[in-house]
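Chemist: Got a predicted model here, sequence first, then my questions.
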Amino acid sequence: MNIHQALDWRYAVREFSPEKLSGHIVETLVDAARKSASSYGLQPYKILVLESKSLRQDLLPYSYGQQKVVDCSHLIVFAAHTNIGDHTVDRYVTQFEKTRGVPAAGISGYVTHMKEALASKSQAEKQAWAHQQAYIALGTLLTAAASMRIDSCPMTGFDHNAYDDVLGLANLGLESSAIVALGYRSARDRSSGLPKVRFDYDDLVIRM
């Protein structure tokens with residue numbers, strides 16, 4: 001299945017079957033999201049994997065009636081860091097040295113640039129930036145799932161503050177960005193056979 005076939009196959013699942021995803025599949029998808037692009041490679045977010053049905057049941061009242069948060073196999077929560085600053089870059093530098101086995105002195109100018117770029121943002125701008133990076137990872141997860149024929153449904157329609165409270169995200173320096181239900185579509189989900197509604201190429205793409 002090529003990328004276009006995979007993307008044509010996927011849709012926002014309305015109803016999931018009770019079948020569970022294997023641990024290997026879930027880890028493969030989460031690891032794909034981990035490898036996603038992000039601004040400067042700083043990845044200012046965490047990825048929470050919620051398998052517990054009781055925990056997801058606690059979240060249901062704050063999910064605007066979307067039963068799929070409970071019925072799916074796994075619920076993924078993308079949560080942005082709430083404290084963005086020099087330490088965000090320092091964390092990257094530590095990982096850079098660990099991964100490449102070389103001192104970060106060679107990128108000192110780049111490090112200064114990253115810190116200055118973040119320092120120029122207001123707190124609200126930093127937070128918006130962190131959420132934007134989480135959304136990029138969300139897109140990577142959805143594409144990876146489609147390529148593996150794993151069903152998904154991304155959602156931003158939920159009570160973010162309540163989710164943060166239930167999951168204790170403030171204590172982790174996080175706030176929720178988006179959630180993704182993962183699993184297998186139910187045979188009763190009539191949406192699965194409907195043509196995908198997308199604007200035509202020429203309506204969406206501007207060449208300059």
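Modeler: Perfect, thanks for sending it.

Chemist: Give me the distance from the helix or strand bottoming out on mean pLDDT in the chain to the chain's centre.
Modeler: The helix or strand of the chain with the poorest confidence is helix 3-9; it has a mean of 94 (mean pLDDT, DSSP states H and E). Between the centre of helix 3-9 and the centre of its chain there are 20 Å (Cα atoms, centre = their mean, to the nearest Å).

Chemist: Residues contacting whichever strand or helix holds Arg56, please?
Modeler: Per DSSP states H and E: Arg56 is located in helix 53-59. Contacts with helix 53-59, where a contact means Cβ atoms under 8 Å, 6 or more residues apart in numbering, come from 50, 69-70, 75, 158, 162-163, 166-167. C-betas here are computed from N, CA, C, even on glycine.

Chemist: Now, those that are in strands?
Modeler: Among the contacts of helix 53-59, DSSP state E puts 50, 75 in strands.

Chemist: Buried subset of the contacts of helix 53-59, written for ChimeraX?
Modeler: Here is the ChimeraX command that selects only those of the contacts of helix 53-59 that count as buried (16 or more other Cβ atoms under 10 Å):
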select :50,69,70,75,158,163,166,167
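
Chemist: Which member of the contacts of helix 53-59 is positioned nearest Asn2?
Modeler: Leu75 (29.0 Å; Cβ to Cβ).

Chemist: what's the distance between the nearest residue to the closest one once chain neighbours are set aside and Arg190?
Modeler: Closest residue to Leu75 apart from its sequence neighbours, by Cβ to Cβ, 6 or more residues apart in numbering: Leu50 at 4.2 Å. Using Cβ to Cβ, to the nearest Å, Leu50 is found at 27 Å from Arg190.

Chemist: in the protein, which spans are helices?
Modeler: Taking DSSP state H as the test, the helices found in the chain are 3-9, 23-34, 53-59, 68-71, 86-100, 108-119, 123-147, 160-167, 201-204.

Chemist: for those, which one ends up most surrounded?
Modeler: When these are scored by mean count of other Cβ atoms under 10 Å, the highest mean neighbour count falls to helix 68-71 (a mean of 21).

Chemist: Check Met1 and give its pLDDT.
Modeler: Met1 is assigned a pLDDT of 72 by the prediction.

Chemist: no, scratch that, I was asking about Gly193
Modeler: The model reports Gly193 with a pLDDT of 86.

Chemist: Can you tell me how far His4 is from Gly168?
Modeler: Counting by Cβ to Cβ, the gap from His4 to Gly168 is 41 Å.

Chemist: Nearest residue to the middle of this protein?
Modeler: Centroid-nearest residue in the chain: Leu138, 3.0 Å away (criterion: Cα atoms, centre = their mean).

Chemist: Now do the contacts for that residue.
Modeler: Neighbouring residues of Leu138 by Cβ under 8 Å, 6+ apart: 33, 78, 154, 177-178, 180.
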